[in-house]
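Chemist: Mind looking at a prediction? Sequence and model below.
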Amino acid sequence: MSLFSAVELAPRDPILGLNEAFNADTRPTKVNLGVGVYTNEEGKIPLLRAVREAEQARVEAALPRGYLPIEGIAAYDAAVQKLLLGDNSPLIAAGRVVTAQALGGTGALKIGADFLKRLNPAAKVAISDPSWENHRALFESAGFEVVAYPYYDAQSHGVNFEGMLAALGSYDAGTIVVLHACCHNPTGVDLSDAQWKQIVEVVKARNLVPFLDIAYQGFGDGIDADAAAVRLFAAAELNVFVSSSFSKSFSLYGERVGALSIITESKDEAARVLSQLKRVIRTNYSNPPTHGGAIVATVLGTPALRAMWEQELGEMRDRIRAMRNGLVERLKAAGVPRDFSFVNAQRGMFSYSGLSAAQVDRLREEFGIYAVSTGRICVAALNMRNIDAVANAVAQVLK
Ligand code: PMP
C-alpha cells in the first residue's frame, strides 16, 4: 500500500483555477480580470526600465553567488525601512526597526506568523472580512485560530467602520490584527486617515498586536501617502509588524521580493528580536535569494534609477485610475442605471464591483470575461483594447 493512498485531493486555489480555465478558453476576445497582476496597455506584465537597467549592470558586474546573510541584503533592508517610515524616521535612527528580506509578501507574513507563534502561542489572529484569501490559510497553518472582523459594507460600497471598531474593541490583549495598510485586497476600499487614527487608538488601548500588510505601496496615492497607516502606528509607540511586497510595485512577481519589519522598543530589543527572527528563517529556508533583493536595493539606492522607478510606478498608478474612470464612464454611457462611481473612490488594483456570482458566471460563459465569483475584478488588467468589451458585457449581465 502506498504511503499516499489515503491522501485526498486538495481543493483547487480558486484564483489559480480561474487562470487555468482562462488559458483553456479559445475565444480571442477573452479577458482575465481574475488574477492580481498589473498589465500594461499591451496587456503584458511590464519589465520596468529601472529594473532592466539595474539587472544589466548586475549581469555586467559578473558577481560571485555566495549566500546572503540570513536577514538578507543590508542595503535592501535599510531601503525597505525608509520606504515604510520615511527617510528621517527617528525609529530607524535609534536602531529600533528590525527588517529581514523575505520571499515576497507571503514569505514575510509567514516568518512573522511563525515568530509570533513562538512569542504568544495562545493568541488569536483577526483578519478583515473579506481579506486576501491566503491570510486565513497562512495564519492557520502557522497554528493560530483565525477570526474575521467586519470590514466591507456591500450596501455603501464602503467600510463598516462601526462594526470594525466594535470587533477590535472586543478582542483580548495580544490578539494579532492583520490590517491592509493601503489598497485593500479584495475590495479596493481603504480607511481614511481619521479612521486609521481611531484604529490605532483601539489597538493601543486594548494591547492588540498590529500586523500591517503593505503589498501595494505606491499604487494608491503615492509612496509616502500609502505608508500613512504604517507611520501612524509607528508614531504611536507600538510593537508593529509590517510585511512588504515588491511584487507589484517593481513588477517582480516571480522574483519573490518582500520583507518583514518589526518595530521594537529599543536597540537592544531589536537585536534580540532579530536574533530570534533569524532562527525562524534559518529553519525555514536558511537565507533569501539574491537577485530580486539586489535589484530593488540598487534601484532604491541609485538616485537616477530611483527617479525612474517612481515615474514608472506613477504611470502604473495613473493608468489604473484612468481605467477606473473609463469603466465608470462607459457603464454610464451604456445606460446602466446602477451608480458605479464608487469604483473611482477605490484604491489599488482591485474593485469589488458589486456583481453577483451569477453575473460573474454569465460574464465568463457568454463573454469570456473572467472575474472572481465574489465580484472582485482586477482593474489593472483593463486597457484601451478590452475596456469597451468589458463595459458592454457588464452592461449586458446587469440588464
Ligand atoms: N498581501 C496581500 C494583501 C496581497 O494582495 C498579496 C499578493 N497578491 C500578498 C500579500 C503577497 O504578495 P507576494 O506575491 O509578494 O507574496
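Modeler: Nice, I can see it. The model shown is predicted, which means the values in this text are computed figures rather than measured ones.

Chemist: how about the helix or strand containing residue 98, does it get close to the ligand?
Modeler: Per DSSP states H and E, residue 98 falls inside strand 97-103. No: figure legend: strand 97-103 not in contact with the ligand (CB under 6 Å from any ligand atom); closest approach 7.3 Å. Bear in mind the C-beta positions are built from the backbone N, C-alpha and C, glycine included.

Chemist: Can you tell me the SS state at the one residue in the stretch 251-399 of the chain that gets nearest to the ligand?
Modeler: Among the residues of the stretch 251-399 of the chain, residue 258 lies closest to the ligand, at 4.9 Å counting by CB to the nearest ligand atom. Three-state call for residue 258 (DSSP: H, G, I helix; E, B strand; the rest coil): strand.

Chemist: Check the one 3 residues further on too.
Modeler: Using three-state DSSP, the secondary structure recorded for residue 261 is strand.

Chemist: repeat for residue 373
Modeler: Secondary structure, three-state DSSP: residue 373 is coil.

Chemist: Would you mind identifying the next helix or strand past the strand holding residue 98?
Modeler: Downstream of strand 97-103 (by DSSP H and E), the next one is helix 104-119.

Chemist: what mean pLDDT would you report for that following helix?
Modeler: For helix 104-119, mean pLDDT is 98.

Chemist: So which bits of that helix are buried?
Modeler: Neighbour counts over helix 104-119 (16 or more other CB atoms under 10 Å) mark 104-117 as buried.

Chemist: now do stretch 194-204
Modeler: 196, 199, 200, 202, 203.

Chemist: I figured the last one hits residue 168, correct?
Modeler: Pointing back at residue 203 there. Yes: with contact defined as CB atoms under 8 Å, residue 203 reaches residue 168; the gap is 6.7 Å.

Chemist: which neighbours do the two share?
Modeler: Residues touching both residue 203 and residue 168 by CB atoms under 8 Å, 6 or more residues apart in numbering: residue 177.

Chemist: Go back to the buried residues of helix 104-119 and keep what's next to the ligand.
Modeler: 104, 105, 106.

Chemist: who's in contact with the last one?
Modeler: Contacts for residue 106 were tallied using CB under 8 Å, 6+ apart; they are 134, 138, 245, 258.

Chemist: ok, so of these, who is nearest residue 47?
Modeler: Nearest to residue 47, judged by CB to CB, of these is residue 245 at 17.7 Å.

Chemist: so the closest one makes contact with residue 219?
Modeler: No: counting by CB under 8 Å, residue 245 stays clear of residue 219, with 11.0 Å between them.

Chemist: Show me the shaky parts of the stretch 251-399 of the chain.
Modeler: For the stretch 251-399 of the chain, no stretch is flagged by pLDDT under 70.

Chemist: which other helices and strands contact the longest helix along the chain?
Modeler: Secondary structure of the chain per DSSP state H: the longest helix is helix 303-333. On a contact count with 3 or more CB pairs under 8 Å, 6 or more residues apart in numbering; DSSP states H and E, helix 303-333 meets helix 49-61, helix 291-301, helix 342-345, helix 387-397.

Chemist: in that helix, what's buried?
Modeler: Quick answer for helix 303-333 (16+ other CB under 10 Å): 305, 308-310, 312-313, 316-317, 319-321, 323-324, 326-328, 330-332.

Chemist: and these near the ligand, which?
Modeler: Among the buried residues of helix 303-333, no residue is within reach of the ligand (CB under 6 Å from any ligand atom).

Chemist: which parts of stretch 225-236 are buried?
Modeler: Buried, per 16+ other CB under 10 Å, within stretch 225-236: 226, 227, 228, 229, 230, 231, 232, 233, 234.
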